[in-house]
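1. The following comprises the amino acid sequence and a computationally predicted model.
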Amino acid sequence: MIDTESIKLKRNLTALVEFSRILNSSLDLNFILNNILLTCMGKFLASKGLIALKMDGKIVLKASKGIKNEVLDSFPNLISGDNIIEHPELQNFIKSNNFFAVEKIKSSTECIGILCLNEKLNHTSYSEEDIEFLKTILNIAATAIQNSQVLLELTKVNRILDSRIHRLNSLFELSKEFGIISDSNQVAKILGYSVIGQFLISKYAIITFDPTGIKILESKFNKAVLLNALKKYNLQEIDDTIFNYKIKDEYTELNSLGIQLIVPMQIHGETKGLILLGNRISNMEFTLSDVEYIYSAGSLAIISLENRRLFKEALDKQKMEEELEIAREIQVNLLPHSIPEYNKIEIAASNLSSKQVGGDYYDVIPLDENNFCVSIADVSGKSVPAALLMANLQAFLKIICKHGMELEEATALINDLICENTSDGRFITFFWAIVEENTCKLQYVNAGHNPPLLYRNGKLIKLDKGGMILGVMKTFAPYKSEEIELQKDDVLVMYTDGVTEAKNLNDDEYGDERLEELIKLSAKNSSTEILSAIQKDVQLYSTGVAQSDDITLVVLKIK
């Protein structure tokens with residue numbers, strides 16, 4: 001007698017083995033799900049079926065057979081869990097669409113999906129044996145589904161890794177490019193091309209901030225319109241990426257230009273520039289991974305730009321220091337290394353330089369055994385130009401002294417020569433005098449300089465006769481001179497404005513009155529002692545304040 005149960009069992013086992021072989025022959029999820037549905041529907045004579053799988057914590061419809069789209073669209077939005085079948089929304093869906101067999105697809109640890117079959121074509125119910133066989137099929141299917149999902153996840157991860165590797169290589173190449181480029185606009189172009197190449201962006205702009213304001217290095221937007229829009233916002237305070245939804249609400253002017261993403265370029269947390277991006281040609285949204293790449297590329301670019309700025313500043317500083325050193329050497333060589341000694345007249349002089357190279361000048365030039373020229377001057381400005389103008393003055397002065405010209409005529413000639421050699425608005429305040437030792441007569445011309453102070457018998461006389469400052473314009477009115485017969489114990493103090501304009505901690509100037517009182521108090525001393533007293537008092541007054549200008553003094557005393 002034939003054992004029908006054994007034959008049926010053998011047939012089922014054979015079917016399960018073949019089913020397992022077919023499922024495990026592929027890792028394609030759609031192939032696996034279609035075979036599960038076809039096998040189950042064929043086995044139980046069902047005309048409709050669907051499979052929903054767990055995806056990112058939700059139960060998502062992944063495959064169906066014989067079901068209309070409107071029914072599929074009504075599949076509920078479900079959160080995955082072991083009791084998913086008992087969910088009220090799913091129960092309503094099952095009843096309203098006449099699904100008679102609903103089973104979980106379970107792995108060894110969790111429910112990974114559900115399968116639903118409608119009524120059999122012969123209208124018989126699903127027996128316990130049918131349900132057990134269905135569970136067996138789904139147990140076999142669960143392994144194949146999980147293997148396919150693992151493969152999909154690995155493929156996704158590999159794509160992400162490939163993308164990251166590609167972007168890292170791109171960043172590495174960018175860093176090399178930025179390292180050899182010296183032009184900031186070229187750096188911006190390469191950064192822009194890199195972003196366009198990675199994300200197929202229609203428009204972009206790269207801006208930086210400096211003390212003068214916003215600087216547009218590169219832009220595919222209208223520069224004038226963009227700059228006008230940028231000025232309406234305090235963009236330097238942006239310290240994080242701004243996406244399109246926030247741009248629409250808070251940066252309407254930029255949004256109207258089509259800007260969809262703003263990425264800051266930062267150094268040590270300080271925003272030094274911005275990358276402004278328009279729409280992608282594909283209309284895809286920017287992901288966090290995209291922003292991470294753009295931020296990294298921008299960081300490389302801004303570091304390169306900042307390094308170039310610092311390098312240029314260092315070069316400019318070095319150049320300035322070299323100029324200052326040259327100017328110092330010029331200035332030191334121009335000042336007299338020693339002061340001539342005379343029987344009837346004591347002469348003391350000094351120049352105390354500030355940290356910057358100024359344009360103070362003094363000289364004592366012997367004309368013959370009995371006569372000498374004494375002068376003091378202050379050239380406007382600092383550094384090499386001032387030192388060179390001082391050199392011109394000294395050269396003119398020494399040549400003219402040898403020709404024995406009258407002071408008025410000689411001063412006019414010096415002024416005209418200075419005008420011819422000055423084109424940048426510089427000028428010189430100048431005082432000079434010819435002193436005859438035997439008679440102690442002094443003839444002077446003052447060309448706009450601080451009037452030297454002549455102390456005599458308790459009174460101060462200011463030597464202010466002369467004319468206009470040297471170098472402003474050619475002589476149109478003759479200079480005037482004055483002759484004074486110096487007397488015993490007379491003291492003449494010549495000085496530059498570094499003395500009277502020295503400031504204290506309250507920003508108050510030393511002033512003329514204090515200098516005049518000090519001269520009166522120290523007039524009985526020697527010229528050297530008078531000069532030293534003035535220097536010490538000025539330094540005491542300005543204690544704690546950096547010296548901003550040269551302090552130059554020439555003191556004559558009649559024995």
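-> Cool, got the structure.
2. Report all helices and strands that the longest helix belonging to the chain contacts.
-> Using DSSP state H, we find that the single longest helix of the chain is helix 128-180. Where contact means 3 or more C-beta pairs under 8 Å, 6 or more residues apart in numbering; DSSP states H and E, helix 128-180 is packed against helix 4-23, helix 29-44, strand 99-106, strand 111-118, helix 184-199, helix 288-334. In short, each C-beta sits where N, CA and C put it, glycine included.
3. That helix to helix 184-199, inter-axis angle?
-> Between the axis of helix 128-180 and that of helix 184-199 there is an angle of 170 degrees, by axes from the mean of the first three to the mean of the last three C-alpha atoms, to 10 degrees.
4. on that earlier part again, so of the helices and strands packed on helix 128-180, which one's packed in deepest?
-> strand 111-118 (a mean of 23; mean count of other C-beta atoms under 10 Å).
5. For the stretch 401-550 of the chain, just list every one of the helices.
-> 407-420, 497-500, 512-522, 527-541 (DSSP state H, counting those that start in this stretch).
6. Compile these into TSV and extend it with columns for mean pLDDT.
-> Shown next, in TSV, are the helices of the stretch 401-550 of the chain (pLDDT from 0 to 100):
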stretch	mean pLDDT
helix 407-420	91
helix 497-500	91
helix 512-522	94
helix 527-541	94
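7. Point out the one among those that comes closest to residue 247.
-> With C-beta to C-beta as the measure, helix 497-500 is the member of the helices of the stretch 401-550 of the chain nearest residue 247 (56.7 Å).
8. in the closest one, what counts as buried?
-> 497, 498, 499, 500 (16 or more other C-beta atoms under 10 Å).
9. Isn't the last one up against residue 509?
-> Put plainly, it is residue 500. Yes. The criterion here is C-beta atoms under 8 Å, and residue 500 meets it with residue 509 at 6.6 Å.
10. where does this structure dip in pLDDT?
-> 1-12, 14-15, 171, 181-182, 327, 355-358, 382-384, 423 (pLDDT under 70).
11. Mind doing that once more with 50?
-> For the chain, applying pLDDT under 50 flags the ranges 1-2.
12. need the contact list for the residue nearest to residue 427 when sequence neighbours are not counted.
-> Excluding the flanking residues, the one nearest residue 427 by C-beta to C-beta, 6 or more residues apart in numbering is residue 471, at 4.1 Å. Going by C-beta atoms under 8 Å, 6 or more residues apart in numbering, residue 471 touches 389, 415, 418, 419, 422, 426, 427, 428.
13. Residue 360 too?
-> Taking C-beta under 8 Å, 6+ apart, one finds 351, 376, 377, 378, 379, 496, 498, 550, 551, 552 in contact with residue 360.
14. Helices - which of those residues land there?
-> residue 498.
15. Can you tell me which of the contacts of residue 360 has the most neighbours?
-> Within these, residue 379 tops the neighbour count with 29 neighbours, counted by other C-beta atoms under 10 Å.
16. Look up the closest residue to that one, ignoring the ones flanking it.
-> Excluding the flanking residues, the one nearest residue 379 by C-beta to C-beta, 6+ apart is residue 359, at 2.8 Å.
17. Number of residues surrounding that neighbour?
-> By other C-beta under 10 Å, neighbour count at residue 359 equals 27.
18. Could you do residue 232 as well?
-> Residue 232, neighbours per other C-beta under 10 Å, totals 11.
19. What is the three-state secondary structure of it?
-> Assigned state for residue 232: coil (three-state reduction, DSSP: H, G, I helix; E, B strand; the rest coil).
20. wait, it sits on residue 252?
-> No. Contact criterion C-beta under 8 Å: residue 232 and residue 252 do not qualify, at 9.3 Å.
21. Would you check how far apart the residue nearest the centre of the chain and residue 214 are?
-> In the chain, the residue lying closest to the centroid (C-alpha atoms, centre = their mean) is residue 272, at 3.2 Å. Look at residue 272 and residue 214: by C-beta to C-beta, to the nearest Å, they are 12 Å apart.
22. what is in contact with those two at once?
-> In contact with both residue 272 and residue 214: residue 208, using C-beta under 8 Å, 6+ apart.
23. quick revisit: Serialize the helices of the stretch 401-550 of the chain to a markdown table and add fields for distance to residue 132.
-> As requested, the helices of the stretch 401-550 of the chain are exported to a markdown table (distance: least, C-beta to C-beta, whole Å):
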| stretch | distance to residue 132 |
| --- | --- |
| helix 407-420 | 116 |
| helix 497-500 | 109 |
| helix 512-522 | 115 |
| helix 527-541 | 108 |
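24. Ok, which of the ones you listed comes nearest residue 36?
-> helix 497-500 (97.9 Å).
25. contacts for that closest one?
-> By C-beta under 8 Å, 6+ apart, the list of residues contacting helix 497-500 reads 352, 354, 358, 360, 378, 450, 509-512, 515, 534, 538, 547-553.
26. Check the offset of it from the chain's centre.
-> Relative to its chain's centre, helix 497-500 lies at 40 Å (C-alpha atoms, centre = their mean, to the nearest Å).
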